[in-house]
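Chemist: Mind folding the following:
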Amino acid sequence: MTTKKMAIIATKGTLDMAYPPYILASTAAALGYEVQIFFTFYGLQLLRKDLSDVMISPLANPAMPMPIPMPVFVQMLPGMESMATMMMKQKLKKHGVASLEELREMCLDMDVKFVACQMTVDLFEFDKSEFIDNVEYAGASAFFGFAGETDICLFV
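Modeler: Got it, this is the predicted structure:
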């Protein structure tokens, strides 16, 4: 029997967009899939050693459930991003959802391969020492070799 494969392209580095690639990857790996996540552009933030500064923005995020409806001008006020991030982290903790660090570690423990886009690393002049260990650096063409053979390919 051939192992099923799943490729995920992670392009965003905000708190709300950090969970989907890690949840989907860990779930697929638990189901026996071979999984790779290609982190590019702002998605590279999810490979940083310290994830404590990953924020969520209520601005331009109309689907974000807020305790009370907030006009856009209120969402732009200083401190709203920090408040929204704090509220989301409290909600995640209250409902027993694993932290980003825990999900990322779970993925690594289940042999999910993390691939950082070398072009983006160069473009933003990142130092590889800023990122966790166990990251492979490659261009999009190298990732396509895997993605082209997958059963599921997701862009998040």
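Chemist: Please make it C-alpha for all contacts and neighbour counts, starting now.
Modeler: Noted.
Chemist: helices and strands of this structure: which one has the lowest mean pLDDT?
Modeler: helix 72-75 (a mean of 54; mean pLDDT, DSSP states H and E).
Chemist: what is the mean pLDDT for the helix or strand following it?
Modeler: Next in sequence after helix 72-75, counting helices and strands by DSSP states H and E, comes helix 80-94. The average of the pLDDT scores along helix 80-94 is 80.
Chemist: following helix 80-94, which helix or strand shows up next?
Modeler: That would be, after helix 80-94 and using DSSP H and E, helix 100-109.
Chemist: Residue 132 and residue 49 touch, don't they?
Modeler: Yes. Residue 132 sits in contact with residue 49 when judged by CA atoms under 8 Å, with a separation of 5.0 Å.
Chemist: For the residue nearest the centre of the chain, grab phi and psi.
Modeler: By CA atoms, centre = their mean, the chain has its centre lying nearest to residue 18, at 3.1 Å. Phi and psi for residue 18, reported as degrees, to the nearest 10, are phi -80, psi -30.
Chemist: where do the strands sit along this protein?
Modeler: Listed in chain order, the strands of the chain (DSSP state E) span 5-10, 34-39, 113-117, 135-138, 152-155.
Chemist: winner for burial among these?
Modeler: strand 34-39 (a mean of 25; mean count of other CA atoms under 10 Å).
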